[in-house]
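**Student:** starting from these lines, generate the structure:
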Amino acid sequence: MSISTLSTTISQIGKMLHISSVSGVSDVLVLVGLGIVFALFLGFLVFGAVKAFRAIPSMTTKEFLFFLAILGVALVVIGILIP
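**Tutor:** I've put the predicted structure just below:
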């Protein structure tokens, strides 16, 4: 896979996945691979969120404050990266 193939694929994803503009097997494979990676990431994110929120009621005060601090830092980082 070349960098130009990855670049065109990412630009296609940025244009709301116009599937009719995919022009090769490598583009299709990159899209499928990115879809699989995204699905895995989403699954791990949901699994981690469920485990974290199930643990909240049994946390001590110190652990809960640490959790809130980590959550605050994560939200700030996400807020910086989104724009």
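**Student:** just checking, what packs against the longest helix anywhere in the chain?
**Tutor:** Looking across the chain with DSSP state H, the single longest helix is helix 25-55. Counting contacts by 3 or more C-beta pairs under 8 Å, 6 or more residues apart in numbering; DSSP states H and E, helix 25-55 is packed against helix 3-14. Backbone N, C-alpha and C define where each C-beta goes, glycine included.
**Student:** now do the helix it packs on, average pLDDT.
**Tutor:** Model confidence over helix 3-14, given as mean pLDDT, is 69.
**Student:** make 15 the first number, not 1, from now on.
**Tutor:** Yep, numbering from 15; the last one is helix 17-28 now.
**Student:** tell me how far the longest helix of the chain is from the chain's mean position?
**Tutor:** 7 Å (C-alpha atoms, centre = their mean, to the nearest Å).
**Student:** which parts of that helix are buried?
**Tutor:** S40, D41, V44, L45 (16 or more other C-beta atoms under 10 Å).
**Student:** and the contacts of stretch 70-80?
**Tutor:** Counting by C-beta atoms under 8 Å, 6 or more residues apart in numbering, stretch 70-80 makes contact with F81, all of which sit outside it.
**Student:** pLDDT on it, on average?
**Tutor:** Rounded to a whole number, the mean pLDDT of stretch 70-80 is 91.
**Student:** what about it, how long is it end to end?
**Tutor:** Stretch 70-80 has its terminal residues 11 Å apart, counting by C-alpha to C-alpha, to the nearest Å.
**Student:** can you give me the neighbour number for V90?
**Tutor:** 10 (other C-beta atoms under 10 Å).
**Student:** kind regards, and thank you for your time.
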